[in-house]
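Chemist: The following comprises the amino acid sequence and a computationally predicted model.
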Amino acid sequence: MLFLKLLFRNTFRHRLRTGLTILGIAIAILAFGMLRTMIGAWYAGVEASSAGRLVTRNAISLIFPLPLNYKDKIRQVSGVSIVSYGNWFGGIYIDEKNFFANFAIEPKSYLELYPEFMLSRAEADAFLRDRKGFIAGRKLVEKYGWKIGTTVTLKGTIYPGNWDFVLRGIYRGKDKTTDETQFMFHWDYLNETVKKTVPRRADQVGFYVIGVTHPDLASEVAISIDRLFKNSLAETLTETEKAFVLTFIAMTEAILTVIQAVSLFVIFIILAVVANTMVMTTRERIGEYAVLKTLGFGGWHLAAIIFGESMVITMIGCILGIALTFPAAKIFSESLSTYFPIFYVEPNTLLLDLTAATAVGLIAAIIPTHRAVMIRIADGLRRLV
Amino acid sequence: MEDTTPVVEITNVSKSYHRDHYVLQVLNDITFRIVSGEFLALMGPSGSGKSTLLNLIAGIDKPDSGAIQVAGVDIASLSETELAGWRATHVGFIFQFYNLIPVLTALENVELPLNLMGLSGKERREHAEMALKVVNLFDRKDHYPGQLSGGEQQRVAIARAVVTDPTILVADEPTGDLDRNSAEDVLNLMEYLNKEFGKTIIMVTHDPRAARRARVIRHLEKGVLSDVISQTPL
């Protein structure tokens, strides 16, 4: 008990220094947590992807379309349960700052393939009935203050002109990994308009989404589909939804690597801050440690005092940093929901925070403890004079 | 009847320090005994080796050669860990600058060495309170060292030194940082501990007034110990 008293009183002996160190650790843990959350947000699409869905696109590039008549051929492939399709629309709402993902989709099959987009029966029916209708995620609707029945105009970039849509349904994500910022409307509405304005671009789809009867068949089905269109004018590349999402992440791999490097760098900063505090503390108290040794306290006692102090400082900073991470992530998520539609602090991030803080607390105490334990009592006592 | 049981036996002890490229011989083939209940003052000029000899007797340093037996234990042969345990039970230290832990109260400072004795919390507290009563500072038990005068701090340090009932008390210039009145109080206390409780005390001092309180005075110069300069019968 007295030992613990000594440990805690020593910790707060220099309140300003301890306070600043704790603040430094808290900020570093906050930064580390936010960076790890950002990396998690990058991979959110991968987590949300289903093992039972395949994506088929043009083998040359995603920007090249596929004929609509592939749909019936794909449906014939053994192991395929459902086929849907869509196009990236790339429309702009008011101005380019208001970016959000917007797709033209075949609504019935698409909603069937994505049960994680939860929509009331009435709203789903209203959407299916209205060719100019659209559905949007809860977060997107809240951001722009839309209501059911609101007409929203998107300025086409790939498909020129102003396109009016009426909000017919607001979907909610099944869980927090579901993107609630998407905008989806009828593919038929797009195709019919394109037929009139640019007929050569009609009946072309950007991608097919395929449901398989069992996830174990995914690989086999993908090979069968691609074999089907081999040597055709538009060869296909079929992959799991996860692999498809990962191809987008691969494009930004350099940024991710930098973020990961910075997050590790933050840990080194914490280590330097705590190690500096512990070295200063031990140097100041080396005489007291010599007194304790004189009284009969051994190396383990000194190690417990120094490691304990280092851990107390680091853990307080860590807990404060974790406590700050949640409101910070909420603010970040709200203000940058367009770029990071899924942004939440994962339990894994907290575990990493705690692991990093524990490692820092322990490593920072090694050299000071070694000095305190190894110093000759007579030399240590001389420092008190 | 005088008790002549030797509590400390030093035989042919030498000690040197290595400073850069030269060797400084501090103690040179010293042999002497300290009997139980003795109050010994070691005097000598600075650098004569008084504190080194005290450190060797107290087991916080080791000789280059020779043997040191304290209460029948050859402490020069003990490992660092064994020595730490031995110090906890056999030696009470009184330093020139008191060396109390500033974040602990007077009572907690006195209780500190008892943590190594395997006593319960209640027993530790009772022992520490008793020690503070002996040095007449029980009413200041909840004060931190910074709230006590130099003399009071040294009395707390004495309480800390005696609380484990050690075999020997070693004091390195115990009055060196005190004014005359406080020094008198501390010396009175040490004399009281020696006379009333039969504590064996080995005190290093520059101060002839302090040395006169001891029953035996020895002089150390250039690493060589003189014969007994003065001796008061027990």
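Modeler: All right, it came through fine. On a predicted model such as this, the values are computed, not experimentally measured, just so you know.

Chemist: Only C-alpha atoms from now on, for both contacts and neighbour counts.
Modeler: Fine.

Chemist: Show me how far the host helix or strand of B:Phe93 is from its chain's centre.
Modeler: Using DSSP states H and E, B:Phe93 falls within strand B:91-94. Computed by Cα atoms, centre = their mean, to the nearest Å, the separation of strand B:91-94 from the middle of its chain amounts to 4 Å.

Chemist: Direction included, what does that strand pair against?
Modeler: strand B:168-172 (parallel) (DSSP bridges).

Chemist: what does the average pLDDT come to for the strand holding B:Phe93?
Modeler: Mean pLDDT, strand B:91-94: 94.

Chemist: looking at it, A:Gly45 is touching A:Val245, isn't it?
Modeler: Yes: assessed by Cα atoms under 8 Å, A:Gly45 is found in contact with A:Val245 at 6.5 Å.

Chemist: near chain A, which residues of chain B show up?
Modeler: Taking Cα under 8 Å from any Cα of the partner chain, the part of chain B that reaches chain A is made up of B:55, B:60-61, B:81, B:83-88, B:92-93, B:97, B:99, B:101, B:103-104, B:108, B:112-113, B:116.

Chemist: Sort out which of these are in strands and list them.
Modeler: In strands, judged by DSSP state E, the following of those are found: B:92-93.

Chemist: May I have the phi/psi pair for the residue lying closest to A:Ala202 once chain neighbours are set aside?
Modeler: Closest residue to A:Ala202 apart from its sequence neighbours, by Cα to Cα, 6 or more residues apart in numbering or on different chains: A:Lys195 at 5.1 Å. Backbone geometry at A:Lys195, expressed as degrees, to the nearest 10, gives phi -60, psi -40.

Chemist: and if you look at the one 3 residues further on?
Modeler: According to degrees, to the nearest 10, the main-chain angles of A:Val198 amount to phi -130, psi 80.

Chemist: Distance check, it against chain B.
Modeler: 84 Å (Cα to the nearest Cα, to the nearest Å).

Chemist: What count of nearby residues applies to that residue?
Modeler: Using other Cα atoms under 10 Å in any protein chain shown, A:Val198 has 13 other residues around it.

Chemist: Same question for the one 10 residues further on.
Modeler: Taking other Cα under 10 Å as the criterion, the count of residues near A:Tyr208 is 25.

Chemist: Quick check: beta-bridge partners of it?
Modeler: A:Thr56, A:Tyr85.

Chemist: That one is in contact with A:Arg75, isn't it?
Modeler: No: shown here, A:Tyr208 and A:Arg75 do not form a contact pair, counting by Cα under 8 Å, at 10.9 Å.

Chemist: between the two, what contacts are shared?
Modeler: Residues touching both A:Tyr208 and A:Arg75 (Cα atoms under 8 Å, 6 or more residues apart in numbering or on different chains): A:Val83.

Chemist: Buried residues of the longest helix anywhere in chain B, list them for me.
Modeler: Using DSSP state H to define each element, chain B has its longest helix at helix B:180-197. For helix B:180-197, burial by neighbour count (16 or more other Cα atoms under 10 Å in any protein chain shown) applies to B:182-187, B:189-191, B:193-194.

Chemist: Looking at A:Gly45 and A:Val245, which one has more neighbours?
Modeler: Higher neighbour count among A:Gly45 and A:Val245: A:Gly45, with 22 against 19, using other Cα under 10 Å.
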